[in-house]
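> Sequence first, then the predicted structure:
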Amino acid sequence: MRKIQVCMCAMMVAVSMAGCGQSTATPAPEKEPAPQTQEVQQETNVAQEETTEAATEETTADYVVLEDGTYSTNFVTENEDGMAYIKSIEFTEDGVILEASLVKVHSIDWSDAEDMECNKYFIPTGASTSYISGGGEQDPTPFERSEFDSYLQGAMSSGLGLSFKIENGVATEIGIWS
């Protein structure tokens with residue numbers, strides 16, 4: 001009996017020293033991933049750019065792509081007295097689909113404005129696109145994209161103006177004006 005108690009004590013001491021069954025060995029340091037070579041990084045960047053370009057081409061295949069610049073049209077549904085007009089407008093996940101005639105504004109005084117025929121246009125938007133509305137001498141009111149979409153739908157046939165500025169292929173600002 002005494003031998004059993006001594007053996008039991010020895011086992012209990014061994015277990016307690018072992019950390020209740022946990023390893024007491026020093027863990028091996030975690031290996032950091034090997035740094036990518038410059039060539040591998042460049043290949044990765046090229047692949048990402050090609051994927052982005054393919055998605056953009058797929059999205060814009062059925063629409064006229066606009067050059068960088070400032071554009072304007074009006075919330076009227078038909079050509080009234082030569083005014084630019086909007087037949088339809090719709091927000092998508094990555095932009096705005098606009099069926100409209102447009103005016104490309106080259107200078108602030110509109111002296112060299114360019115009329116563009118009615119077509120379906122795709123206007124890419126991004127995280128930095130600002131949505132605003134204003135008129136008169138008041139400061140423009142900023143909107144969240146979802147709020148602006150609702151406001152936009154309510155503006156149809158109102159006679160208000162719609163403008164947007166495209167830089168590097170993406171709308172930086174979309175505004176509704178009185």
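Structure received.
> going forward, measure contacts between C-alpha atoms and count neighbours the same way
Will do.
> Which SSE is immediately downstream of the helix or strand where N119 lies?
Assignment of secondary structure by DSSP states H and E places N119 within strand 114-124. Reading on from strand 114-124 to the C-terminus, the next helix or strand found by DSSP H and E is strand 130-134.
> Against which helices or strands is that next one packed?
Strand 130-134 sits against strand 141-143, helix 145-155, strand 170-177, with contacts defined as 3 or more C-alpha pairs under 8 Å, 6 or more residues apart in numbering; DSSP states H and E.
> Parallel or antiparallel, which strands does the strand holding N119 pair with?
strand 64-65 (parallel), strand 95-105 (antiparallel) (DSSP bridges).
> Can you add mean pLDDT, distance to T77 and mean neighbour count and give these back as TSV?
As requested, these are arranged in TSV below (pLDDT from 0 to 100; distance: least, C-alpha to C-alpha, whole Å; neighbours: other C-alpha atoms under 10 Å):
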stretch	mean pLDDT	distance to T77	mean neighbour count
strand 64-65	91	19	15
strand 95-105	95	9	21
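> In a markdown table, list those strands along with distance to P140.
Formatted as a markdown table, the entries for the strands paired with strand 114-124 read as follows, by distance: least, C-alpha to C-alpha, whole Å:
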| stretch | distance to P140 |
| --- | --- |
| strand 64-65 | 27 |
| strand 95-105 | 20 |
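> Among the ones you listed, which comes closest to T73?
Using C-alpha to C-alpha as the measure, strand 95-105 is the one of these that comes nearest T73, at 5.1 Å.
> where does the protein have its least confident helix or strand?
The helix or strand of the chain with the poorest confidence is helix 2-17; it has a mean of 37 (mean pLDDT, DSSP states H and E).
> Skipping its backbone neighbours, what lies nearest G136 in space?
The spatial neighbour of G136 that comes closest, neighbours along the chain excluded (C-alpha to C-alpha, 6 or more residues apart in numbering), is S178 at 7.2 Å.
> What residues does that neighbour make contact with?
Residues in contact with S178 (C-alpha atoms under 8 Å, 6 or more residues apart in numbering) are 134-136, 160-161.
> Need the buried ones from those selected in ChimeraX.
Selecting only the buried members of the contacts of S178 in ChimeraX, with burial defined as 16 or more other C-alpha atoms under 10 Å, works like this:
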select :161
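> Mind picking the lowest-pLDDT entry from the contacts of S178?
Minimum pLDDT for those is recorded at G136 (85).
> Would you double-check that that residue falls in a helix?
No: applying DSSP: H, G, I helix; E, B strand; the rest coil, one finds G136 to be coil, outside a helix.
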